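S.K.: Dropping a prediction and its sequence here:
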Amino acid sequence: MTERLYYQDPYLCAFEANVVASRKIDGHPAVVLDATAFYPTAGGQPNDTGDMNGIPVVDVHLAEDGEIVHVLDGTLSGPAVQGMVDWDRRFDHMQQHTGQHILSQAFAQMCNAETVGFHVGGDLSTLDLDRVFLTSEPLSAVERLSNEIVMDSRPVIARFVDESELAALPLRKMPVVEGPIRIVHVQGFDWSPCGGTHVRNSGQVGPIKVTRIERRKTITRVSFVCGWRALSDYAHKQWITQELAAHLTTSEDEIIPSVLRAAAEGKDLRKALAAAQMEVLHARAADWIAEAELVGEMAIVRLAFDERDVSWLKEAARRLTGRAGVVALLATRRPRTQFVFARAEGVTADMGRLMRAACAAVGGRGGGGPQFAQGGAPGDLSAEPALDAAVGQLRDADVGREG
């Protein structure tokens with residue numbers, strides 16, 4: 001088995017080793033070493049990256065037989081390897097993982113919530129709790145306790161114990177593997193079985209900040225950032241705050257009231273615009289019907305607009321088909337191509353059938369019943385081929401009858 005140097009010293013980045021096996025994985029060269037400082041993806045923590053003899057290491061994982069496999073972006077020239085772990089990525093994962101241990105224990109103590117899942121993501125890390133709560137009061141207490149542990153700079157000790165020692169340890173969770181168990185201990189606070197890499201003391205975790213909590217069926221998913229990620233997140237949000245304050249010509253403390261006022265004003269303006277559009281619609285409906293193409297006893301109102309929302313198309317169709325004999329074939333091109341077809345009472349043309357034929361002409365999808373149908377096509381394609389297809393069917397005396 002490969003000697004796992006990251007267990008001996010998680011701060012080790014440069015090491016020497018020898019290749020003991022080679023293989024191909026998805027077309028990439030891959031090697032097994034007699035010793036490695038590269039951490040493989042496991043336990044919610046992503047793999048390390050770096051290089052071997054200057055060749056990038058793009059993935060590290062545990063094979064089914066327990067071997068640590070290093071996937072490379074090139075072929076090594078010999079068995080001797082000088083490995084170099086990407087320290088920034090490694091330390092980031094150490095901060096997030098130790099931070100998760102602290103945060104999980106804080107949730108256990110303050111909310112009686114146990115962690116059932118954990119994942120270090122590219123920007124955010126997440127942990128899943130075994131109960132649902134979405135209130136801010138316990139969250140503030142959890143963050144406070146977590147950051148108190150950070151500021152205490154408590155030693156973080158990782159060691160292997162045998163099964164006979166486990167019963168005497170106040171573990172937050174029981175191990176799921178047999179044999180010697182690696183325990184990570186945040187002194188006087190958290191004891192957890194864990195195979196990940198961790199910082200030497202809690203102070204190196206840096207600030208811990210929960211960024212979001214959300215319900216996922218019977219669990220609560222907590223998104224969080226630690227250390228340098230937390231500082232970057234703070235800097236980004238500070239920039240947003242300053243930009244908003246400058247744009248709104250107000251102080252940072254007045255941003256929320258200013259945004260709420262602007263939102264209310266925007267809502268009022270949208271209502272006024274909608275009302276004005278309805279007035280225009282009412283005035284234009286008669287003109288559109290007068291200009292409609294007559295096919296038998298049907299008056300076909302065919303219109304394509306550059307930018308209308310579907311609710312407006314539906315209202316236009318409703319008003320148009322209030323007149324006897326009218327068939328409304330309406331389309332909008334933006335934000336994407338959409339169609340609304342409707343018929344007046346007494347017209348036998350099947351709108352659902354027309355819509356399916358029209359959408360097929362532009363690679364879209366749609367459907368509906370005999371009286372009303374709705375559909376769309378990807379992007380802002382021209383609506384004309386679809387409308388042509390619908391009008392063509394209406395002109396055919398044998399097509400478009402109900403049933």
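M.R.: In hand now; what should we look at? Residues are numbered from 1 along each chain as shown.
S.K.: For this structure, just list every one of the helices.
M.R.: Using DSSP state H, the helices found in the chain span residues 5-8, 87-111, 136-151, 163-166, 227-247, 255-290, 310-320, 351-360, 384-395.
S.K.: any idea how far the closest residue to residue 307 other than its chain neighbours is from residue 382?
M.R.: Excluding the flanking residues, the one nearest residue 307 by C-beta to C-beta, 6 or more residues apart in numbering is residue 334, at 4.5 Å. (Glycine included, C-beta is placed from N, CA and C.) In this view, residue 334 and residue 382 are 12 Å apart by C-beta to C-beta, to the nearest Å.
S.K.: For residue 35, list each beta-bridge partner.
M.R.: residue 3 (DSSP bridges).
S.K.: what residues are up against it?
M.R.: 2, 3, 4, 5, 15, 17 (C-beta atoms under 8 Å, 6 or more residues apart in numbering).
S.K.: Likewise for residue 345?
M.R.: Residue 345 touches residue 324, counting by C-beta under 8 Å, 6+ apart.
S.K.: quick one: average confidence on stretch 93-104?
M.R.: Average pLDDT, stretch 93-104: 98.
S.K.: Dump the C-alpha coordinates for that stretch into CSV.
M.R.: Extracted in CSV, the C-alpha atoms of stretch 93-104 (Å, rounded to 0.1, in the frame of the first residue of the first chain):
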residue,chain,number,x,y,z
HIS,A,93,-9.2,22.4,1.7
MET,A,94,-7.6,22.2,5.2
GLN,A,95,-9.3,25.4,6.3
GLN,A,96,-12.7,24.3,4.9
HIS,A,97,-12.5,20.8,6.4
THR,A,98,-11.4,21.8,9.9
GLY,A,99,-13.9,24.6,9.7
GLN,A,100,-16.6,22.0,9.0
HIS,A,101,-15.7,20.0,12.0
ILE,A,102,-16.0,23.1,14.2
LEU,A,103,-19.3,24.2,12.6
SER,A,104,-20.8,20.7,12.8
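S.K.: what about that stretch, distance to the chain center?
M.R.: Stretch 93-104 sits 21 Å away from the centroid of its parent chain (C-alpha atoms, centre = their mean, to the nearest Å).
S.K.: Stretch 12-28 too?
M.R.: That offset, for stretch 12-28, works out to 33 Å (C-alpha atoms, centre = their mean).
S.K.: looking only at pLDDT, what's the mean for that stretch?
M.R.: On average, stretch 12-28 scores 95.
S.K.: Show me what it is in contact with.
M.R.: By C-beta under 8 Å, 6+ apart, the list of residues contacting stretch 12-28 reads 2, 5-6, 29-37, 50, 58-59, 67, 69, 71-73, 76, 78-85, 87, 90.
S.K.: can you list the domain ranges for the protein.
M.R.: The chain is divided into the following domains under automatic domain parsing: 3-85, 91-235, 250-281, 292-395.
S.K.: what distance separates the shortest one from the centre of its chain?
M.R.: What it means is domain 250-281. With C-alpha atoms, centre = their mean, you get 29 Å for domain 250-281.
S.K.: what comes up buried for the longest strand anywhere in the chain?
M.R.: In the chain, with assignment by DSSP state E, the single longest strand is strand 14-25. The neighbour-count check on strand 14-25 (16 or more other C-beta atoms under 10 Å) flags 15, 17, 19 as buried.
S.K.: now stretch 358-370
M.R.: Going by 16+ other C-beta under 10 Å, stretch 358-370 has these buried residues: 358, 359, 361, 362, 364, 366, 368, 370.
S.K.: quick one, phi/psi of the last one?
M.R.: This points to residue 370. Note on residue 370: its backbone torsions stand at phi -60, psi -30 [degrees, to the nearest 10].
S.K.: Test my guess that it contacts residue 347.
M.R.: No: assessed by C-beta atoms under 8 Å, residue 370 is found out of contact with residue 347, at 9.3 Å.
S.K.: Thought residue 281 was touching residue 315, still the case?
M.R.: Yes: assessed by C-beta under 8 Å, residue 315 is found in contact with residue 281 at 6.8 Å.
S.K.: So the most far-flung residue of the chain relative to its centre versus residue 348, what's the distance?
M.R.: What lies farthest from the middle of the chain is residue 296; by C-alpha atoms, centre = their mean that is 53.2 Å. In this view, residue 296 and residue 348 are 10 Å apart by C-beta to C-beta.
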